Every structure is written in C-alpha cells, then in structure tokens.
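>>> Predicted structure and sequence below. I'll ask about it afterward.
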Amino acid sequence: MAEQTITAEQQEQQLRDIKRNSSNQIVSYTIDTDETPGLEYGYKKVPAVFTNYEESVFDRTIDQLSNELIVNLPEVPLEIIQQNFIDESKLYEVQGNKLVSIQGAEPEDEPKDEFSGRYELSSAAQSARDKRPDEITNGAAFQNSHFGGVSYYNNTVRDASDGYLTSAGHKEVRWDTKVFGPALQDFGYRVTKELIESGRNLNIRAVVSFCISHLSGNDVGAYASIRRQRPGDFTAPTYRFNTKGQTYTSPSYPMLQCVLDIPNSQLVENDLFQISSVFGSISDGVYIYGHKCVFEVTAQLPEEPSISWPPFGDTAASGGNVAIGNQDEAQQTETRAD
C-alpha cells in the first residue's frame, strides 16, 4: 500500500466571509458597509502531497526501462534513384528591362514554329457546288457545300459536277482558307528541307463532314483519308493513310477524323500530304459540309508530348492516331474506285 504524508500550514487571522449557495458555490454579493475595514478573503493553500511506492509494486506495474537497444536496427544501404540538377545557365535575374543569366549569358530565344498550319474550306473554294437558287433544296446548307470524289465516272458525274470531276476515285479536298501556317501546294502540305532540319515531328489531323441525304433514300458510302504523294518516285506511288468511313443509311451526317503521326526520321523532302474524300453517289443530297471541315498540321519538337486527338462521332469516323510506320495503314495504293 502507498503511504501519504500531508503537510498543511494554517494561519489564524480575521478574514472576510465568503458567501456560498446551497451547492457550496461562491456567489456574487455586495460587501457590507459596516464590515471591518481592511479585511481580505485570504489565500487558498493546497497541501503538498507525495506518494511513496513499494519497489515491488512499482516494478510490477510499470515496464522496465533500458539504456541499451534490445533489437539492433538493420543496415539499409542508400541508393540514388534519380537526381535532378539545376542548370544554372537557365536561371535568370532581372537587370533593368532584360533577363540575364546568373552566369552572365542572355537567355536563348525559343525556336519559332514556322511549320504548323491550319486550313479551312469556304464557299469560294474550287470544289464549291454552284447551285442556282431554284435548285437549292435544303436552304443554307448549299451555301458552303462541296463536291467530293465519286467512286465511278461517266457523263452524268461530269455534268452533275459542272465538269469539276474528271475521273473516278478519291479527290483532294480543295482547302482555300489559310488560318495560319505555310501556304499549301496543290491543296496539300509540302515537306521541306527546313522542316526536316528543324528536327520536328509532324502530326496531321483532318475532319471532313458529310451530308448523306440521297434523293431516293439509297445507302451511300462516304470515306476520307490522308493521302501522300511523292513526286518523281515511281517505286513509292500515292498512298492513303488512316482511311475512315463506311456505307451510311440515308440520311446520315458523319464527321470523319483522320490523324497521322510522322516522326522526323520518316519525313521525306517534297512529300505532299493531302486530304481526300470519295462518295458512292453524285446525288444532289450527297456532299461535303465546308464549314465543318478543318485541316491541321502540327510540327512538334522532339521533347514535346505527342498529341492524342480524342475520337468522336461514330466508330468509323473516329479513332486514335496512326503512325506512318504502320504498314497495315500505310501501304494502300491509290485506286480509281472504292
């Protein structure tokens, strides 16, 4: 058992009475005016207390303390996984109105992108359908509608296209509006020596929008692709990449997206990349929506992340990127009919 020794000091002096309620709580009150002056409430002194334990009881209740390790810690070898050093040549400070490297060198200008471009299709393009007002059957849609290629050719196709179509098969989309970027050649993007020497990779994307509303309600095939032409090289004829499309039930309004990635090592000077289309009908209700089409070329530095365009529309119209090294997609020789 523990022994307790309590030491208390008591002082006898006249103190002011403390008023309490029935619960022994101190209550506020007004000091009597006839009270002896100079009285104080006094001090509440807490007695000192100490507890003396028997050693056997203490040892049984509290764990023993030790000044030595019971379990030795294993040696863990340190390994450097990654080190990111700061390139001081890329740290700058402001001096006047200029940025100056802390090593004294001025910052290098970032390489300018003179190769990326965006192109669109307006009602002034060569492929526009010059319909007379009395021939317009569905209003404003014809104001920016365009001929595409047709999978067959005869006098009816020639006359219905006002002489625009002269053969069967895929026909290049005749982009006429440059939003930005280098000028197109033969309605396509030309690979130049300067582009190759820049070390940039190419990402080509096109969206071609179709109206499939055959006047007789027939099903119609509609296709779009990225087409490469390599002038002067008869061993590498025209190829089509990432062809999208299918036969559609009329009426349908598919938007076909074609995407192609070309690493810099696969670029060939003077290669021409066009966007082509083809229909299975020359009916008035079958045409390209110009205001829904776009042709984009992005020239990326090797350290930039690759572009991944999200799919949209039906499964035939969408899909991920195709690399030019994919022989299943690339080795499609241009034919006259689809």
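Now that the structure is in, tell me what you want to look at. Numbering: from 1, shown residues only.

>>> where along the stretch 201-338 of the chain do the strands fall?
Under the criterion DSSP state E, counting those that start in this stretch, strands of the stretch 201-338 of the chain are mapped to 201-212, 220-229, 239-248, 255-262, 272-279, 286-289, 294-300, 322-323.

>>> Nearest to Glu55, out of the ones you listed?
Closest approach to Glu55 among the strands of the stretch 201-338 of the chain is made by strand 294-300 (79.8 Å; C-beta to C-beta). For glycine as for every other residue, the C-beta is placed from the backbone atoms N, C-alpha and C.

>>> That closest one - contacts with which helices or strands?
Under the contact definition 3 or more C-beta pairs under 8 Å, 6 or more residues apart in numbering; DSSP states H and E, strand 294-300 sits against strand 117-120, strand 201-212.

>>> Give me the mean pLDDT for that strand.
In this model, strand 294-300 carries a mean pLDDT of 96.

>>> Each with direction, which strands does it pair with?
Strand 294-300 has the following strand partners under DSSP bridges: strand 117-120 (antiparallel), strand 201-212 (antiparallel).

>>> looking at those strands, which is closest to Ile26?
Within those, the stretch nearest Ile26 is strand 201-212; the backing value is 84.1 Å (C-beta to C-beta).

>>> Touching, Gly221 and Thr247? I think so.
Yes. Between Gly221 and Thr247 there is a contact at 4.4 Å, judged by C-beta atoms under 8 Å.

>>> what residues do those two have in common as contacts?
Residues touching both Gly221 and Thr247 (C-beta atoms under 8 Å, 6 or more residues apart in numbering) are Gly280.

>>> higher neighbour count, the two?
Under the neighbour definition other C-beta atoms under 10 Å, Gly221 and Thr247 were set side by side, and Gly221 has more, 16 against 13.

>>> Any stretches of the stretch 201-338 of the chain with poor pLDDT?
Scanning the stretch 201-338 of the chain with the threshold set as pLDDT under 70 gives 233-237, 312-338.

>>> let's see it at 50
314-319, 325-338 (pLDDT under 50).

>>> Would you mark the buried spots in stretch 179-191?
Across stretch 179-191, burial judged by 16 or more other C-beta atoms under 10 Å covers 181-182, 184, 187-191.

>>> Could you dump these into a markdown table with pLDDT added?
A markdown table is the format used below for the buried residues of stretch 179-191 (pLDDT from 0 to 100):
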| residue | pLDDT |
| --- | --- |
| Gly181 | 95 |
| Pro182 | 96 |
| Leu184 | 97 |
| Phe187 | 96 |
| Gly188 | 96 |
| Tyr189 | 97 |
| Arg190 | 96 |
| Val191 | 96 |
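
>>> what comes into contact with stretch 146-153?
Residues from elsewhere that reach stretch 146-153 (C-beta under 8 Å, 6+ apart): 121, 125, 127-129, 157, 161, 164-171, 173-174, 210, 221-222, 276-282, 287-288, 290, 336-338.
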